[in-house]
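Q: let's see this in three dimensions:
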Amino acid sequence: MNPIWITAVTAGLAMAGIAVTARPDETGEVPAVTLDDDGATVHLCRNETLRVDLEGNPSTGFTWEIAEVDRWVLADHGKPEFVPSDRLVGGGTLRFRFTAEEAGETDVRLVYHRPWEDDAPLQTFTVRVVSD
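A: Below is the predicted model:
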């Protein structure tokens, strides 16, 4: 399998890219991008899977949802998986998966909000995905 390249632009290095190679582990799983990777660019080869892990607490009514993605480039795997935390208080991680279907580019934008409210999202997360 080909590596995934994550390029992050940091404030301290205005417009300078920092590339990190993330290779699948022994189970074939690719390390997840997280809120720390907001604004990064991820390079995938066709059929590779992007995993996005974002902390949340659905018991409060807030949840992460897909707000934008070009499904011709990336197919989402449906509803996110909830992975409870080890903490005594509720919360955990919402795990999204997307598979590169076609060559192209798309933003994956997720919003943390209460779906029934018209208020602005409490938080947003975006990564740019380039599929070869």
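
Q: quick check: chain neighbours aside, which residue is closest to the most centrally placed residue in the chain?
A: By C-alpha atoms, centre = their mean, the chain has its centre lying nearest to V52, at 3.1 Å. Of all residues not flanking V52 in the chain, F96 sits nearest, at 4.3 Å (C-beta to C-beta, 6 or more residues apart in numbering). (Glycine included, C-beta is placed from N, CA and C.)

Q: still on that earlier bit, run the chain-centre distance for the helix or strand the residue nearest to the centre of the chain falls within.
A: Assigned by DSSP states H and E, V52 belongs to strand 49-56. Its chain's average C-alpha position is 5 Å from that of strand 49-56, according to C-alpha atoms, centre = their mean, to the nearest Å.

Q: show me the shaky parts of this protein.
A: Counting by pLDDT under 70, the ranges of the chain that qualify are 1-30, 88.

Q: residue boundaries of the strands in this protein?
A: Using DSSP state E, the strands of the chain run over residues 4-9, 17-22, 41-44, 49-56, 63-68, 74-76, 81-84, 92-100, 104-113, 123-131.
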